[in-house]
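# how would this look folded up:
(one chain, ligands or ions: 1)
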Amino acid sequence: MQLRFTKMHGLGNDFVVIDLITQRFKLKPHHIRKIADRHFGIGCDQVLTVEIPTQPDVDFCYRIYNAEGSEVEQCGNGARCFARFIRDKRLTGKQKIKVETLAGIIELELTENRQVRVDMGEPILDPKRIPFTADQQATEYALDIDGSAWQVGAVSMGNPHVILPVTDVDTAPVESVGPVTESHPRFPQRVNVGFMQVVDRDTIRLRVFERGVGETLACGTGACAAVVSGIVQGKLNSTVTVHLPGGSLSIRWQGPGQPVIMTGPATTVFEGQIQI
Ligand SMILES: N[C@@H](CCC[C@H](N)C(=O)O)C(=O)O
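You can find the predicted model right below:
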């Protein structure tokens, strides 16, 4: 079968977006791996699908697959690309779009300056729900990573994140510490690993070793989780600019009970068809 796709990115975190409303196809993990392969396929960090919602009062269903083939709960950069795709393909005329994900319902809004604002929902700090093995909820946890002692933050944005503080992201041990932490036994569903440098109360620099992918140029949920972690630790104000290798995001969180709001760009690169 020939599948139509659109190649997109959010700050260099790249996606193959497939409309499964006008095309009927059941994507299996080996299809995802083939599509995501940078040598033998199209190449991307995640495959995103647009589907008919299963719940009332929701506009679309948004599904997310990591390059390794696993389905995941949430993807922030992907959410902005999803909104741009829906708009460009005229699948809706609405300014605000409600979509269901495995992590719950999120709201996407295209702004006047071609940015996309996403209500990512409330962050989860309860270790059981992250999931993360810990005696009780805390703002920082002692974590042994391969014999080294780290003080880390742990937050779920629907998907699990651990945040490791570093003094300089340029020299952070992303390639060595990232993979061992991703599969740390205290994170039973594995984890996305953020390396956060606090620049000042309004600015951080961040690199993320993503679960199921490796280091990406940007991670939207990683940016949200890092900011939430920095806020609960008293290091950051409620609106923070996050500088990632692929560009910058604005993240706002006004504290417990409030959703995290992410604003940033979404770009279409090209369109095509793939024989699957
Ligand atoms: N790139 C993403 C996150 C994608 C999912 C992640 N790798 C996971 O396994 O949870 C983002 O922008 O949030």
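
# does S148 have beta-bridge partners, and which?
I145 (DSSP bridges).

# how deep is it tucked in, by neighbour count?
10 (other C-beta atoms under 10 Å). The C-beta positions use only the backbone N, C-alpha and C, and glycine is treated the same way.

# try Q275
The number of residues packed near Q275 is 7, by other C-beta under 10 Å.

# Is it in contact with Q2, as I believe?
Yes. Counting by C-beta atoms under 8 Å, Q2 is a contact partner of Q275 at 5.8 Å.

# Read off the pLDDT value for R114.
Model confidence at R114, given as pLDDT, is 88.

# Please, which helix or strand holds it?
Per DSSP states H and E, R114 falls between elements, in no helix or strand.

# Starting from T241, give me the distance back to the nearest residue to V227 once chain neighbours are set aside.
Take V227 and drop its neighbours on the chain: the residue closest to it by C-beta to C-beta, 6 or more residues apart in numbering is I251, 4.3 Å away. According to C-beta to C-beta, to the nearest Å, I251 and T241 sit 8 Å apart.

# again with V177
25 Å.

# More neighbours: the two, which one.
With neighbours defined as other C-beta under 10 Å, V177 and T241 compare such that V177 has more, 19 against 16.

# Let me see the ranges of the strands in the stretch 151-276 of the chain.
For the stretch 151-276 of the chain, the strands defined by DSSP state E, counting those that start in this stretch cover 160-165, 192-200, 203-210, 214-216, 239-244, 247-253, 260-264, 267-275.

# Quick one: closest of the ones you listed to the ligand.
Nearest to the ligand, of all the strands of the stretch 151-276 of the chain, is strand 203-210, at 3.7 Å by C-beta to the nearest ligand atom.

# And stretch 69-88, what's buried?
Neighbour counts using 16 or more other C-beta atoms under 10 Å place 69, 72-87 of stretch 69-88 among the buried residues.

# So which of the residues you listed belong to strands?
Of the buried residues of stretch 69-88, the ones assigned to strands by DSSP state E are V72.

# Around D202, how many other residues sit close by?
Neighbours of D202 (other C-beta under 10 Å): 11.

# And for the nearest residue to it once chain neighbours are set aside, the neighbour number?
Closest residue to D202 apart from its sequence neighbours, by C-beta to C-beta, 6+ apart: N237 at 5.4 Å. N237: 14 surrounding residues under other C-beta under 10 Å.
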